[in-house]
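Visitor: okay, predicted coordinates and the sequence, questions at the end:
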Amino acid sequence: MKYIVTLNGKKYEVEVEKGQAAAVYAGEAAAAAPAPAAAAPVQAAAPAAAPAPVAAGEGEPIKSPMPGNIMDVRVKAGDVVKAGDVMFILEAMKMENEIVAPTDGTVTSVTTAKGQTVDTGAVLATLK
């Protein structure tokens, strides 16, 4: 069976057979028909811009163990932390996870911010 799928404004022709599928780029999608004059156009909310990435400082990187959203940042560059101190709260799959300092040290940089989405392995901070 063949399907035409529009994804991010681009059309793809997808052919599906038992046990396999193939997709071929089919061009730009046609513009949507204008709304009737009496109806006000609906504006989609623009996604929040992510903070610009900050270069990591010296020391051991503190990495995100899973993808999620940073709910709270409890440290800043220059803070002294003890092993087990909570540095970040990471929300993943509707659960709040504490990201703790693995060792005693001084935070040399914080490379994420509250509300930012992070991937697995993303450097959140560095500790020296």
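Guide: Everything's here; your move.

Visitor: quick one: low-confidence ranges for the chain?
Guide: 18-57 (pLDDT under 70).

Visitor: need the strands for it, in chain order.
Guide: Along the chain, the stretches classed as strands by DSSP state E are 2-7, 10-17, 20-28, 60-63, 68-73, 80-81, 86-92, 95-100, 105-110, 117-118, 123-127.

Visitor: now mean neighbour count too, for the ones you listed, in JSON lines please.
Guide: C-beta coordinates here come from the backbone N, C-alpha and C atoms, glycine included. Shown next, in JSON lines, are the strands of the chain (neighbours: other CB atoms under 10 Å):
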{"stretch": "strand 2-7", "mean neighbour count": "11"}
{"stretch": "strand 10-17", "mean neighbour count": "13"}
{"stretch": "strand 20-28", "mean neighbour count": "10"}
{"stretch": "strand 60-63", "mean neighbour count": "17"}
{"stretch": "strand 68-73", "mean neighbour count": "17"}
{"stretch": "strand 80-81", "mean neighbour count": "16"}
{"stretch": "strand 86-92", "mean neighbour count": "18"}
{"stretch": "strand 95-100", "mean neighbour count": "15"}
{"stretch": "strand 105-110", "mean neighbour count": "20"}
{"stretch": "strand 117-118", "mean neighbour count": "17"}
{"stretch": "strand 123-127", "mean neighbour count": "23"}
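
Visitor: how close does the closest residue to residue 116 other than its chain neighbours get to residue 4?
Guide: Nearest non-adjacent residue to residue 116, counting by CB to CB, 6 or more residues apart in numbering: residue 70, 5.0 Å away. To residue 4, residue 70 is 39 Å away according to CB to CB, to the nearest Å.
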